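following is a predicted model, sequence given first.
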Amino acid sequence: MWGVASYLCSTAHSVEALIVFRVLLGFGMGMEFPIAQTLLSEFVPTASRGRLIALMDGFWPLGFIASGVVSYFVLPQFGWRTEFALLAIPAVFVLIVRRVVPESPRWLEHRGRHADADAVLTAVEARVMKSTGLKSLPVPVMLAEAPVSTGSSAFREIWSAAYRRRTIMVWTLWFFALLGFYGLTSWLGALMQQAGFAVTKSVLYTVLISLGGIPGFLCAAWLVERWGRKPTCIASLVGSGVMAYVYGQTALHADTPTLLICAGLAMQFFLFAMWAVLYTYTPELYGTGARATGSGFASTIGRVGSLIGPYVVGVVLPMFGQGGVFSLGAMCFVIAALAVWVLGIETRGLALETLVSEAVDSETSLGLRPVRE
């Protein structure tokens with residue numbers, strides 16, 4: 001859907017058709033985002049889960065920068081239609097990757113497909129023994145796991161007593177974080193043009209500013225394991241808010257692009273660190289039966305914020321100027337940080353089964369099953 005819709009965008013002959021195709025493109029990409037973070041979180045060991053998911057999300061700023069580079073060279077020479085056509089190509093790569101990635105054994109077990117789950121784990125263990133040279137693996141550790149919820153949908157489960165507090169927190173987090181992020185970044189080029197920079201220069205400066213995201217997600221990948229998910233999330237959000245405000249003030253008074261780019265680099269450092277923590281933290285808050293649904297709905301609520309953000313900026317900009325726009329973004333990040341501080345839990349160093357058990361009332365009887373982390 002993503003690839004086909006991107007190609008169709010390149011063929012649109014009216015604004016209305018372009019909007020329809022772009023919405024379809026968004027559906028396709030929106031379905032991809034929660035799947036990757038959920039699948040990886042259910043495969044990797046507890047000790048490295050946060051770091052690996054954060055690093056996976058680090059390819060987001062790399063892709064963001066790459067798309068800016070493509071725009072810088074393609075737009076002036078070939079136009080926006082060619083760019084949409086070119087950006088349909090990566091969908092083919094994702095389709096190929098999906099065919100070689102195995103299904104989550106946790107999900108298979110949850111669905112009662114024990115033989116399939118065992119087959120996946122056996123293949124994984126065989127590869128581990130081959131790569132490490134071990135003749136056998138350690139005995140699996142017995143972990144307490146909450147009983148599988150039956151008779152209710154995954155959506156009802158994320159609003160059950162066990163998860164309600166987490167769902168309120170993560171929906172608030174995603175809504176305000178993405179409202180602030182997209183409200184600022186979607187207007188970044190336009191705001192630079194308003195400041196007097198040409199279109200090609202504004203695209204180039206946006207790409208340069210985005211380079212700050214690379215050390216940002218690398219730092220987050222280290223901190224989520226050393227410091228924890230909750231404090232890293234709060235710090236990245238507060239840092240994003242502070243630097244968004246500073247960037248807005250710099251944009252008002254900077255006489256040269258150098259100072260503006262430096263402030264933008266610092267802002268993007270925290271913004272992309274925030275993204276890395278969001279994708280690390282969210283899937284760890286739910287059990288196997290609700291993990292993809294919980295992550296998907298959190299992302300959906302975030303996309304609502306991302307849709308509202310640019311329109312809110314369009315209203316705020318004429319009334320309060322660029323300084324008001326970035327102050328609004330800063331306020332959104334602070335609200336998201338408060339939600340995590342008040343309602344969030346720490347998930348560092350805990351197996352997914354343990355996190356599920358902690359969400360269930362202590363009077364609930366727990367079963368035991370062997371899990372090799």
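Thanks, I have it. Numbers count the residues shown, from 1 in each chain.

by contact count, what packs against the helix or strand harbouring residue 327?
Residue 327 belongs to helix 291-343 when assigned by DSSP states H and E. With contacts taken as 3 or more CB pairs under 8 Å, 6 or more residues apart in numbering; DSSP states H and E, helix 291-343 sits against helix 15-41, helix 154-158, helix 164-185, helix 188-194, helix 229-253. All C-beta atoms are positioned from the backbone trio N, CA, C, and that covers glycine.

show me where the stretch 1-150 of the chain has its helices.
Counting by DSSP state H, counting those that start in this stretch, the segments of the stretch 1-150 of the chain that form helices are 2-11, 15-41, 46-57, 59-78, 80-86, 89-100, 105-110, 114-132.

list the contacts of stretch 36-52.
Under the contact criterion CB atoms under 8 Å, 6 or more residues apart in numbering, stretch 36-52 has outside partners 53, 56-57, 101, 104-107, 124, 221-222, 224-225, 229, 279-280, 282-284, 288, 291-292, 295, 348-352, 373.

restricted to buried residues, select the residues you listed in PyMOL.
Of the contacts of stretch 36-52, the buried ones go into a single PyMOL selection, burial set by 16 or more other CB atoms under 10 Å:
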select buried, resi 53+56+57+104+105+106+107+221+224+225+229+279+280+282+283+284+288+291+292+295+348+350+351+352
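
Throw the helices and strands packed on helix 291-343 into JSON lines and include mean pLDDT and distance to residue 268, thanks.
JSON lines is the format used below for these (pLDDT from 0 to 100; distance: least, CB to CB, whole Å):
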{"stretch": "helix 15-41", "mean pLDDT": "85", "distance to residue 268": "20"}
{"stretch": "helix 154-158", "mean pLDDT": "83", "distance to residue 268": "31"}
{"stretch": "helix 164-185", "mean pLDDT": "91", "distance to residue 268": "9"}
{"stretch": "helix 188-194", "mean pLDDT": "63", "distance to residue 268": "10"}
{"stretch": "helix 229-253", "mean pLDDT": "87", "distance to residue 268": "8"}
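
can you say which of these is nearest to residue 90?
Smallest distance to residue 90 across the helices and strands packed on helix 291-343 (CB to CB): 10.4 Å, for helix 15-41.

would you reformat the helices and strands packed on helix 291-343 as JSON lines and include distance to residue 9?
As requested, these are exported to JSON lines (distance: least, CB to CB, whole Å):
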{"stretch": "helix 15-41", "distance to residue 9": "4"}
{"stretch": "helix 154-158", "distance to residue 9": "31"}
{"stretch": "helix 164-185", "distance to residue 9": "19"}
{"stretch": "helix 188-194", "distance to residue 9": "19"}
{"stretch": "helix 229-253", "distance to residue 9": "30"}
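
to residue 336, which of those lies closest?
By CB to CB (comparing all of the helices and strands packed on helix 291-343), the closest turns out to be helix 164-185, at 4.1 Å.

any idea of the angle the closest one forms with helix 59-78?
30 degrees (axes from the mean of the first three to the mean of the last three CA atoms, to 10 degrees).
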